[in-house]
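Q: This is the structure alone, sequence omitted:
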């Protein structure tokens, strides 16, 4: 399984059986699949999506957005639940306008699910962790 490091951009090969063992980047030593969402940016998001074989779920959010702040702990809870099966990332839409524009983000929070480098699911609006997990299961079928 190939996983792009959100910190340094290096592509890492991780055996499937080690995905739940907190693998680290061979270049920078940072954790590849943390139990918390990764911060992605205009620069790192394209590589993360294109070079990570696991599904990648991206939360487009902003610090001033009440529903975004309300959903953040639930998104983190889902990230821990799905660790090793889905890579969770967050993009601050204010600080990363290119990523938001590239993916036609019209409202926040918006979740985009990518697999194999292409978008396979989109959900706008805050949702509880259980609803998020149900949406992930349904979309990944």
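A: Noted; the coordinates are in hand. Given the structure is predicted, the values throughout are model-derived calculations rather than measurements.
Q: Now stretch 69-80: buried residues?
A: 71, 72, 74, 75, 76, 77, 78, 79 (16 or more other CB atoms under 10 Å). C-betas here are computed from N, CA, C, even on glycine.
Q: Show me which of these is closest to residue 141.
A: Among those, residue 78 lies closest to residue 141 (CB to CB), at 17.2 Å.
Q: which residues in this structure form helices?
A: 45-51, 66-81, 97-102, 129-139 (DSSP state H).
Q: Find out how far the third one is from the centre of the chain, if you would.
A: Once both centres are worked out by CA atoms, centre = their mean, to the nearest Å, helix 97-102 turns out to sit 15 Å from its chain's centre.
Q: Identify all contacting residues around that helix.
A: Outside of helix 97-102, the residues within contact range by CB atoms under 8 Å, 6 or more residues apart in numbering are 40, 41, 42, 45, 46, 60, 91, 93.
Q: Would you reformat these as JSON lines and include distance to residue 31, neighbour count and pLDDT?
A: As requested, those are exported to JSON lines (distance: CB to CB, whole Å; neighbours: other CB atoms under 10 Å; pLDDT from 0 to 100):
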{"residue": "40", "distance to residue 31": "15", "neighbour count": "25", "pLDDT": "94"}
{"residue": "41", "distance to residue 31": "18", "neighbour count": "16", "pLDDT": "94"}
{"residue": "42", "distance to residue 31": "22", "neighbour count": "15", "pLDDT": "94"}
{"residue": "45", "distance to residue 31": "18", "neighbour count": "26", "pLDDT": "95"}
{"residue": "46", "distance to residue 31": "21", "neighbour count": "17", "pLDDT": "95"}
{"residue": "60", "distance to residue 31": "23", "neighbour count": "26", "pLDDT": "98"}
{"residue": "91", "distance to residue 31": "19", "neighbour count": "28", "pLDDT": "98"}
{"residue": "93", "distance to residue 31": "25", "neighbour count": "23", "pLDDT": "97"}
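Q: measure the closest residue to residue 13 other than its chain neighbours to residue 54 for me?
A: Distances taken as CB to CB, 6 or more residues apart in numbering place residue 2 nearest to residue 13, at 5.8 Å, with adjacent residues excluded. Residue 2 is 9 Å from residue 54, where distance means CB to CB, to the nearest Å.
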